[in-house]
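Q: Compute the structure for the input listed below.
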Amino acid sequence: MSDNKIMEQAKKMQETVVKSEEFTNLKNAFDALKNEKESYKAFTEFQKNQNDLRQKQMSGQEITQDDMKEAQALADKMNTMPAIKVLMEREKAMGKLIDDANMVITEPLRQLYEG
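A: Alright, predicted model coming up:
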């Protein structure tokens with residue numbers, strides 16, 4: 001199978017994922033989160049904080065105790081917000097679907113190295 005055929009199949013898989021119940025549930029949860037201003041603000045602050053920490057790590061900068069305290073405070077705040085909890089549950093279900101599909105796709109590689 002050529003690379004083109006593999007990519008065609010990957011595109012079909014993408015379309016199937018977008019039509020899945022898990023994706024629909026995730027999208028609905030994210031839309032609901034965006035409608036709750038305080039929850040969405042906490043969510044975006046947490047994302048920014050995580051990106052900042054990743055950038056520090058990749059550039060070799062030390063992550064300080066204050067950085068960790070700020071990240072923990074944002075995580076604690078998010079854990080009190082029902083819309084974020086629902087989003088995380090939906091992300092987990094979507095992640096499981098993708099992990100399961102990845103297991104199917106990579107089965108021949110596992111068999112190759114195990115056999």
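Q: who's in contact with the most centrally placed residue in the chain?
A: Computing the C-alpha centroid of the chain and ranking residues by CA atoms, centre = their mean puts Glu91 first, at 6.1 Å. Listed by CB atoms under 8 Å, 6 or more residues apart in numbering, the contact partners of Glu91 are Leu26. For glycine as for every other residue, the C-beta is placed from the backbone atoms N, C-alpha and C.
Q: Helices of this protein, residue ranges please.
A: Ranges of helices in the chain, per DSSP state H, are 3-19, 21-35, 37-58, 65-78, 82-114.
Q: Reformat those helices as a markdown table; add mean pLDDT.
A: Converted to a markdown table, the helices of the chain look like this (pLDDT from 0 to 100):
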| stretch | mean pLDDT |
| --- | --- |
| helix 3-19 | 95 |
| helix 21-35 | 98 |
| helix 37-58 | 96 |
| helix 65-78 | 94 |
| helix 82-114 | 96 |
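Q: Most tightly packed of those?
A: helix 21-35 (a mean of 15; mean count of other CB atoms under 10 Å).
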